[in-house]
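Colleague: Take this sequence and fold it.
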Amino acid sequence: MNAYNTAFKKRVDKASLAMTHLIKQGCAITGLSIQDTSTVINILPPRDKRVKGTLISITGTHTGRCHMMATRLYGCTVQWHLTNEEPQQELNA
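Modeller: Residues are numbered from 1 along each chain as shown. Reported below is the predicted structural model:
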């Protein structure tokens, strides 16, 4: 394999480890994006208190605010949205 394929395989392996960890924590995975520069996993808001994230953006919507949360896991960025209907989680800064 060439260097590009080797690097891509490493990103896929790390994403696989991260997804396995998230599934064991009871998270629902809704999307996966593996690119040259980053790997992003989208999930539904976690119900497990052990999965915590950092607030990265707040977007105003017609029903209130939507908070984008993120954390790093095995070199991957894990993202989810919190809305007004979701129970408030601890926000790590």
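Colleague: As a check, name the ranges of all strands in the protein.
Modeller: Listed in chain order, the strands of the chain (DSSP state E) span 29-34, 39-43, 54-61, 64-73, 76-82.
Colleague: Averaged pLDDT, the fourth one. What do you get?
Modeller: Confidence over strand 64-73 (mean pLDDT, whole number) is 90.
Colleague: and that strand, how far out from the chain's middle?
Modeller: 8 Å (CA atoms, centre = their mean, to the nearest Å).
Colleague: tell me, what residue is most central in the chain?
Modeller: Nearest to the mean C-alpha position of the chain, counting by CA atoms, centre = their mean, stands Val78 at 1.5 Å.
Colleague: Tell me where the model's unsure across the protein.
Modeller: Regions of the chain meeting the criterion pLDDT under 70 cover residues 84-93.
Colleague: from what I can see the residue nearest to the centre of the chain touches Met68, true?
Modeller: No. Judged on CB atoms under 8 Å, Val78 makes no contact with Met68 at a distance of 11.5 Å. C-betas here are computed from N, CA, C, even on glycine.
Colleague: Okay, His62 and Thr71: tell me how far apart.
Modeller: 28 Å (CB to CB, to the nearest Å).
Colleague: possible to save the strands of the chain as TSV with distance to Phe8?
Modeller: Output for these, formatted as TSV (distance: least, CB to CB, whole Å):
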stretch	distance to Phe8
strand 29-34	7
strand 39-43	10
strand 54-61	26
strand 64-73	19
strand 76-82	14
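Colleague: closest one to Tyr4 among those?
Modeller: strand 29-34 (12.9 Å; CB to CB).
Colleague: so how far is that closest one off the chain centroid?
Modeller: That offset, for strand 29-34, works out to 8 Å (CA atoms, centre = their mean).
Colleague: any idea of the angle that strand forms with strand 39-43?
Modeller: 170 degrees (axes from the mean of the first three to the mean of the last three CA atoms, to 10 degrees).
Colleague: List the pairing partners of strand 29-34 within its sheet, with orientation.
Modeller: As defined by DSSP bridges, the strand partners of strand 29-34 come to strand 39-43 (antiparallel).
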